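Asks: How does the following fold in three dimensions:
(one chain, ligands or ions: 2)
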Amino acid sequence: MQEYAIIVAGGSGSRMKSDIPKQFIKINGLPILMHTINAFRKYSETLTIILVLPNDQMTFWTQLCEHHLFSITYTLVAGGDSRFSSVKNGLRSIQENSGLVAVHDGVRPIISNEIIAASFAKAAENGSAVTGVPLKDSIRKVETNGDNAAMDRNNFQMIQTPQTFRLDWMRKAFETGYSDQFTDCASVLEAAAYPIHLIPGSYENIKITTPEDLRWAEIYLKNA
Ligand SMILES: Nc1ccn([C@@H]2O[C@H](COP(=O)(O)OP(=O)(O)OP(=O)(O)O)[C@@H](O)[C@H]2O)c(=O)n1
Ligand SMILES: C[C@](O)(CO)[C@H](O)COP(=O)(O)O
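Replies: Ligands and ions are numbered 1, 2, ... in the order given. The predicted structure is shown next:
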């Protein structure tokens, strides 16, 4: 079955508050996004990689690729104004109707070969594979008036990417309009009544969001 990976890097990185978009910040000498793309290419030479980037970042990205002699092949697609529409744009660039598609955040560079492989394998079996990890901290539900109550953390997981699905399910689910409840692809497929199968992620598979994440990423990538 043909395998696709849509790597979304169409965001603005507002929470990072950096001079350059966070996906281009260098960790251990290489822009974050290159670490991520390298991980997927290492998984498979035949994987079709689709990179989603904002239109106004493409020239800078091309310059970075020249500078780092980054020659991995992928299809470049323009991002949208939400993660949902960036994924949708990536999906539109795929011509075929069958296969499996993994969607991964460009800013999750510490993704192991094992998780990528498990994600495709589980999705081949069940139609979906969404990575998650158990909570380590206690959690409380907080109401708008400040009232709060303890929740059983065993009922929750922190959801990561990759999130991998049958391509035909993805296409059907993404025919819907945008909702701000769609924080990931699993929420879109769930809204379309497709089953969501969880697989184990990793605590190292962090989403680089705020400045302190950069220090952890540096350590994890050094030991990868
Ligand atoms: N319009 C958007 C918004 C987000 N993303 C991607 O979705 C992933 C997760 O989003 P997040 O970490 O929130 O990235 P940003 O939106 O860039 O960050 P922020 O929310 O801090 O602005 C990132 O790889 C980001 O580039 C995207 O492709 N298109
Ligand atoms: C897709 C995701 O990384 C799963 O945890 C997450 O929902 C992205 O959220 P963000 O607010 O766009 O960073």
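Asks: Dihedrals phi and psi, the nearest residue to residue 205 once chain neighbours are set aside?
Replies: Spatial nearest neighbour of residue 205, chain neighbours left out: residue 160 (5.1 Å); criterion: Cβ to Cβ, 6 or more residues apart in numbering. C-beta coordinates here come from the backbone N, C-alpha and C atoms, glycine included. Dihedral pair for residue 160: phi -120, psi -170, per degrees, to the nearest 10.
Asks: Run a quick neighbour tally on residue 160.
Replies: Using other Cβ atoms under 10 Å, residue 160 has 24 neighbouring residues.
Asks: quick one: contacts for it?
Replies: 108, 131-133, 201-202, 205, 207 (Cβ atoms under 8 Å, 6 or more residues apart in numbering).
Asks: Next, the buried residues of stretch 94-112.
Replies: 94, 99-112 (16 or more other Cβ atoms under 10 Å).
Asks: Now narrow those to whatever sits close to ligand 2.
Replies: Applying Cβ under 6 Å from any ligand atom to these, one finds that residue 105 fall near ligand 2.
Asks: before we move on, the earlier item: now do the residue nearest to residue 205 against residue 135, distance only.
Replies: Applying Cβ to Cβ, to the nearest Å, the value for residue 160 to residue 135 is 13 Å.
Asks: tally of neighbours for residue 178?
Replies: Neighbours around residue 178, by other Cβ under 10 Å: 14.
Asks: which residues touch it?
Replies: By Cβ under 8 Å, 6+ apart, the contact set of residue 178 is 82, 84-85.
Asks: Am I right that it sits in a helix?
Replies: No - with DSSP: H, G, I helix; E, B strand; the rest coil as the criterion, residue 178 is assigned coil and is not in a helix.
Asks: Pull up the per-residue confidence for it.
Replies: Note on residue 178: pLDDT of 97.
Asks: Residue numbering should commence at 58 henceforth.
Replies: Renumbered: residue one is now 58, and that last one reads residue 235.
Asks: now the helices for this protein?
Replies: 89-100, 115-124, 140-149, 170-183, 224-230, 242-248, 268-280 (DSSP state H).
Asks: Thanks a lot, see you next time.
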